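**Student:** generate coordinates for the sequence data below:
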Amino acid sequence: DVQLVESGGGSVQAGGSLRLSCKYTHRVACMGWFRQAPGKEPEGVAAQRDAATYYADSVKGRFSISRDIASRTLYLQMSNLKPEDTAVYSCAAERFWGGSCSRRSDFTYWGQGTQVTVS
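**Tutor:** Next up is the predicted model:
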């Protein structure tokens, strides 16, 4: 099984930046970041397969997903953070391409989540 470990969450003022990291243990085809705020449904934030990326409209132009294959680390660079970005952020991975790489159902493996708080 693929193990995923996130890091980099924390508290930041509105307008600030944070970079989340997610280390993974096996070669994967597709990876993504999701978030869930209290009382809200989980939301897909960004996803990546090869050179293709997906971003939720709410984060376009502010967040950037990238991956360092050599170190098996997925990143989410978050800039111009807003209070509504406050949530638990989780990374997700899928080993084999299944035709889609943006929905929760596209992913089998999940990290434990890291809290991001914007005030």
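**Student:** burial of Gln13, as a residue count?
**Tutor:** Counted with other C-beta atoms under 10 Å, the neighbours of Gln13 add up to 9. Where you see a C-beta, it was placed from the backbone N, CA and C, and this is true even at glycine.
**Student:** quick check: it vs Thr86, distance?
**Tutor:** Note on Gln13: its distance to Thr86, by C-beta to C-beta, to the nearest Å, is 12 Å.
**Student:** any idea how far the residue nearest the centre of the chain lies from Thr114?
**Tutor:** Centroid-nearest residue in the chain: Trp33, 2.0 Å away (criterion: C-alpha atoms, centre = their mean). Separation of Trp33 from Thr114 (C-beta to C-beta): 10 Å.
**Student:** what do those two both touch?
**Tutor:** Contact with both Trp33 and Thr114 is made by residues 20, 89-90, according to C-beta atoms under 8 Å, 6 or more residues apart in numbering.
**Student:** can I get those residues in a markdown table with secondary structure?
**Tutor:** Output for these, formatted as a markdown table (DSSP: H, G, I helix; E, B strand; the rest coil):
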| residue | secondary structure |
| --- | --- |
| Leu20 | strand |
| Tyr89 | strand |
| Ser90 | strand |
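**Student:** which of the residues you listed are buried?
**Tutor:** Buried residues within those, counting neighbours by 16 or more other C-beta atoms under 10 Å: 20, 89-90.
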